[in-house]
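Asks: When you get a sec, could you give me coordinates for this:
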Amino acid sequence: MSGRSTYPLKKEKMFSQIRTYAQNYSYLCISRLEKVRSVQLMMLRKMLRNDAKFFVVKNKIALKALMGTKFGFDLKLEEKFKGQNLLIFTNQNPFKLSILLSKNKVPLPAKAGDIATDDIVIPAGNTGLQPGPILSEFKEVGVPTKIDSGSIWITKDTIVAKKGDTISPKLAGLLSKLNIKPIKAGLTISFAFMDGIILSEDNLILDLDKIRNEIQSAYLEAKNLSINSNYFIKETISEILYRAHQQAYNLALNAEYITKENASTLLQKYEVIGRQIYEKLKEKGYN
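Replies: Residues are numbered from 1 along each chain as shown. Next comes the predicted model:
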């Protein structure tokens, strides 16, 4: 009897906590608990103790508790909750949180049936393995090899699986023998609620180098447009004035209009012309 009476109370407490967190935090991120180690969760809880609350609960309880909150507006929300999920209530921007989580993943050995989290490359070099039946394993996954000094060498870097591919038992076994740990394990945000919209996992993955390059490129294009249209802003005013000065200098020089900046250049020009005239006159017999 005590067990039966305690269970509803436990669910009621979870329900109440979720409702409270939904009210007190700005964002909700959902992460599937696949290949996540307890030590990683403990580390992230510690890192985000002032910014987030981690909550593991059955999907039905989570869905029921979120109804009527700012996070329960999507009628198809139930379709998104599959498997065991972690609810992360946070005041930290989901994009920033996604980057933080990606930096705290750990490499794990591949198992048959795993999905490659990135392209898997077997690098060129000495494997330290002795020739034998294992040579056929390299051949089956398309890795070129040679025998040198009694060991197997891989002759070039070889991609043996693309991101999203399912890893076969033979490939998993070979990677294990080579001590290659290609699976990045840790928390990944499956989807997040942010300012009235739902962001998917793809939306939250940011290529910071690409974004940085795009911003730099946009800045340079805007700067060049400002210079070419003579639009003065603090970043371009010195370059526009310098260009205008050069244009005015060249115009005065070509028009032979003497200024203090071009006087020496024009005098040198006249001196050269004078010498040329003098030489021609000498050729004609004038002294």
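Asks: List phi and psi for E235.
Replies: Main-chain torsions, E235, degrees, to the nearest 10: phi -80, psi -20.
Asks: In terms of helices and strands, where is the closest residue to it other than its chain neighbours?
Replies: The shortest distance from E235 to any non-neighbouring residue, by CB to CB, 6 or more residues apart in numbering, is to K223 (6.1 Å). For glycine as for every other residue, the C-beta is placed from the backbone atoms N, C-alpha and C. Per DSSP states H and E: K223 is located in helix 208-228.
Asks: List the buried residues of stretch 46-62.
Replies: Neighbour counts over stretch 46-62 (16 or more other CB atoms under 10 Å) mark 48, 52-55, 57, 59, 62 as buried.
Asks: what sits up against it?
Replies: By CB atoms under 8 Å, 6 or more residues apart in numbering, the residues outside stretch 46-62 that reach it are 11, 14-15, 17-18, 21, 25, 33, 41, 44-45, 65, 78, 81-82, 84-92, 97, 100, 104.
Asks: C-terminal to the helix holding K223, what's the next element?
Replies: Reading on from helix 208-228 to the C-terminus, the next helix or strand found by DSSP H and E is helix 237-254.
Asks: Buried residues, that next one. List them.
Replies: Across helix 237-254, burial judged by 16+ other CB under 10 Å covers 240, 252-253.
Asks: what angle do that helix and helix 208-228 make?
Replies: 40 degrees (axes from the mean of the first three to the mean of the last three CA atoms, to 10 degrees).
Asks: next SSE after helix 237-254?
Replies: Downstream of helix 237-254, the next assigned helix or strand under DSSP H and E is helix 263-283.
Asks: then that following helix to CSV, C-alphas only?
Replies: Provided in CSV are the C-alpha atoms of helix 263-283 (Å, rounded to 0.1, in the frame of the first residue of the first chain):
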residue,chain,number,x,y,z
ALA,A,263,56.2,71.2,-58.0
SER,A,264,59.4,69.1,-57.7
THR,A,265,57.9,66.3,-59.8
LEU,A,266,56.8,68.8,-62.6
LEU,A,267,60.2,70.5,-62.5
GLN,A,268,61.9,67.1,-62.9
LYS,A,269,59.5,66.4,-65.8
TYR,A,270,60.4,69.8,-67.5
GLU,A,271,64.1,69.2,-66.9
VAL,A,272,63.8,65.9,-68.8
ILE,A,273,61.8,67.5,-71.6
GLY,A,274,64.4,70.3,-71.8
ARG,A,275,67.2,67.9,-72.1
GLN,A,276,65.5,65.9,-74.8
ILE,A,277,64.9,69.2,-76.8
TYR,A,278,68.5,70.2,-76.3
GLU,A,279,69.8,66.8,-77.6
LYS,A,280,67.6,67.0,-80.7
LEU,A,281,68.8,70.6,-81.4
LYS,A,282,72.4,69.4,-81.1
GLU,A,283,71.7,66.7,-83.6
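Asks: Return the list of helices and strands in contact with it.
Replies: Identification of packing neighbours for helix 263-283 by 3 or more CB pairs under 8 Å, 6 or more residues apart in numbering; DSSP states H and E yields no helix or strand.
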